[in-house]
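S.K.: No sequence on hand, only this structure:
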């Protein structure tokens, strides 16, 4: 079933590449709907009460490795977090296809083929239970996106595409080095202390157990290596510079996928690899990472304030928002991390939708400049409604989805400084982190509302020489409304009743945080509130202390 | 004696083919002349098949290497032969078709193909070498014909200049390693590699021995185009016809790496027993050589506008990657830790993907001049929009470039993955980081090729760009580009074959290229022990 999720987009992409342009659109639409239906089916098959377990396993050994050893395999499995992200991917797929019917008229086949080819590696990243499968999928997302930006972007597209490719490729090479170090450690170093199977396994679960046995120094280096790749992808300050460029130049659907899913690959990597693999180093360096993300929140927010390009503004707001996501994740407590994962979903919905809105405006006016358009509510009330709605969701208006996750991330960071039990070690972050980050919320309100005030309200301004919208009606047509409506409904639903999603996330997040919590427990026991030294728990301690 | 002759059966077949080709290349009948390529192909194919069934031997240092390397050389050699079609005697044949008489004195066809076969014979002999003299002769046999091939590959002066440069620097390199060999002989009193290994095993390497091996490796660095002997690469590749450049990027390099393997095995690892690593001095030299070769190759490739020069520098960089495998050595010999097998496997990957890129360049030509004489494309502008004008060639180029870049899951990535795991196992963290950073740098210029071919509008002049009339070249281009995908399912068996190839002791079963996994080589046994302990 999980394999089908990967195979369907690839088959569809191949079909489209050899179909006629008219047929291409239909195949793309049908296959993306099928893809969405399949993710929903997976969600029904998935046992939500056991969200921490990796369900629906699939394993195909690839024969890479010593005889009889585990080796590299095509290995899939989903837990609660992956399932939600897959559903997000599934939902955005048909929306992207239907959303581009009017904007892409040239080279239709190429466009839809690559757009669908992008779905397969994206979903494979969330599915992967094998390190090489993960890495291959993680890297392969670059190619379709590179092509989409280079071929269908706006004026500066080649520069943007190249920068996008090189930044992420370079970063993830370092991630590969870090992850392979863990593989090597599991295969050769663990057996020296009588643990592990002593074979080159690439199973993420096996490696997670192994990685926690590394010394604090090793963990710190592996953390650094992994952060190189995931921080670029997320993106965190100061390696975020590729993102605004890529967003501005990409076609609308490209931006939606980029904001909706591709950026989540970075935070998903942090959640899946960094936190469970190297808990000791994470506990030690969480404040540093939190500070970096707070700088990102405030800095990107301030940049947004002075932006005149709507798309660039939304792009920078992504950088700022994902700062919250990382901050919550590295609060290392249940509230913050669940909120962070929730943030991944919510950001995908609201920012993806905002990119759609901006794209729809661009299709009509061929400009994205705040200077040239304004007061569109008078001409396009439906569009204005959606734009304001998603902006408010993005700002974090209570009752909409953004609020829930944002407040949870901040709450997590706030509470994180508390000590555990009498004489326990304090957590990595504290009220100050939350306080500074919260200014980011205010800045977000300022720049997003400012943008809405300019383009939606006020006196009507249209670019000079603008007379008609081409084939499009003045306001949104039915297709465009159908693209935005499901996103709006979900934003409202997740804002009013987030309980089921949050509940589903608790178990897997707790599983990911287990290593960190155990480390804190050990430290509390060892030091009894006195000097805090960061040391690895003794080898083998894990077996006794499994919660 | 008979034993040794049995070992070099493939070489003997190639040599006979060489003689035949040299004669029929001069025939007055066109169809006979034309048969040169076919005859060479048959010869190489027979040699390849014979190589698979090489009898087992105890005299060689790395007995498994013989069938592996020869089969690889024969396989890539066949592709190269396809690629070389139409390089030679174009003017002459044009004139003959116009009714002029055939002049044997002006014909190069026979020489060209026979030198090509000679060179392949030399590469194969490198794998069989068990003696320093033999190794020297084999290396020279692999190189000397290439000087001539460069010179006669095009009628232009540039080719001759390139050949002269290549020859003098090559002679310098040869002198260096011959001097090294002499010092090794002085230190040990024998030229047999296995005896040298025994003597060094008991007496140690000593100052003279160290100097000898250092010089030998430095000299052979010329063959693999490693820093500091890499200077000739861009000029020579640029001067030679593109198919010949493709040949230079593979055959002498393969010979050089085989020689590296043999020499380092003489002084290095004995599979976990004792003396695991290379002597420190040699190790440091190789380490520096690897790091510099990667970095200089990639950085200089960044600055090029000619695709040919870019590929030349990139071939320098790829030598650097492969040297990482030699620096770390075989480790415990298992799949992921064996640097030598990773190096051999990378050589194979490199052979295919690099040829793909060169072959595409060779396939698309531009007609200039009144008499319609075609010239080769070589700048980035020339391949602009190749995917639109010539889709098959364009996509072949894109695939090859992406594989050279190391994009997962293509073949180049698999090769690098193994080198990285081997490097980590050998404790060479810094070198691994250098390798990965270099891959990132390399992405810059490979992406320029990819973007040029895929996204840019065709050059205004590209209307003149036509596909070559030589089917063979196109088959070679498509086949090598396709192999970066097609070979993916066979990565496991191929790496296991490489593992067997670098096993020092002869295995109990006859070592063949067969892909049976039950082969009880010592490497596999190490791992089994661990499994049983569990």
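M.R.: On my side now, so go ahead. Predicted, not measured: the structure shown is a model, and the values here were computed from it.
S.K.: who's in contact with residue A:175?
M.R.: A:135, A:225, A:226, A:228, A:229, A:230, A:269 (Cβ atoms under 8 Å, 6 or more residues apart in numbering or on different chains). The way it works is simple: take the backbone N, C-alpha and C, and place the C-beta from them, glycine included.
S.K.: Count the neighbours of the first one for me.
M.R.: Just to be clear, that refers to residue A:135. For residue A:135, the neighbour count with other Cβ atoms under 10 Å in any protein chain shown is 24.
S.K.: Also within reach of chain B: list those from the contacts of residue A:175.
M.R.: Contacts with chain B within the contacts of residue A:175, counted by Cβ under 8 Å from any Cβ of the partner chain: residue A:135.
S.K.: So which of the contacts of residue A:175 are in helices?
M.R.: Of the contacts of residue A:175, the ones assigned to helices by DSSP state H are A:135, A:225, A:226, A:228, A:229, A:230, A:269.
S.K.: could you dump the residues you listed to CSV with distance to residue B:28 and pLDDT?
M.R.: Shown next, in CSV, are the ones in helices among the contacts of residue A:175 (distance: Cβ to Cβ, whole Å; pLDDT from 0 to 100):
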residue, distance to residue B:28, pLDDT
A:135, 60, 93
A:225, 67, 92
A:226, 70, 92
A:228, 67, 90
A:229, 65, 90
A:230, 70, 92
A:269, 69, 92
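S.K.: Now name the helix or strand holding residue B:147.
M.R.: Assigned by DSSP states H and E, residue B:147 belongs to helix B:132-153.
S.K.: Whichever helix or strand comes after that helix - contacts with which helices or strands?
M.R.: Note on helix B:132-153: by DSSP H and E, the next helix or strand toward the C-terminus is helix B:157-188. Applying 3 or more Cβ pairs under 8 Å, 6 or more residues apart in numbering or on different chains; DSSP states H and E, one finds that helix B:157-188 contacts helix B:132-153, helix B:193-203, helix B:206-224, helix B:232-239.
S.K.: change it to 10 Å
M.R.: Contacts defined by 3 or more Cβ pairs under 10 Å, 6 or more residues apart in numbering or on different chains; DSSP states H and E place helix B:157-188 against helix B:132-153, helix B:193-203, helix B:206-224, helix B:232-239, helix B:242-267.
S.K.: Report the buried residues of it.
M.R.: Neighbour counts over helix B:157-188 (16 or more other Cβ atoms under 10 Å in any protein chain shown) mark B:159-160, B:162-163, B:165-167, B:169-170, B:173-174, B:176-185, B:187-188 as buried.
S.K.: The helices and strands packed on helix B:157-188: lowest mean pLDDT?
M.R.: When those are compared on average pLDDT, helix B:193-203 comes out lowest at a mean of 82.
S.K.: what sits up against that helix?
M.R.: Applying Cβ atoms under 10 Å, 6 or more residues apart in numbering or on different chains, the contact partners of helix B:193-203 are B:58-62, B:129-132, B:134-135, B:184-185, B:187-190, B:192, B:205-206, B:209, B:212-213, B:262-263, B:265-268, B:270, B:273-275, B:279, B:504.
S.K.: Kindly calculate the angle that that helix makes with helix B:242-267.
M.R.: Calculated by axes from the mean of the first three to the mean of the last three Cα atoms, to 10 degrees, helix B:193-203 forms an angle of 40 degrees with helix B:242-267.
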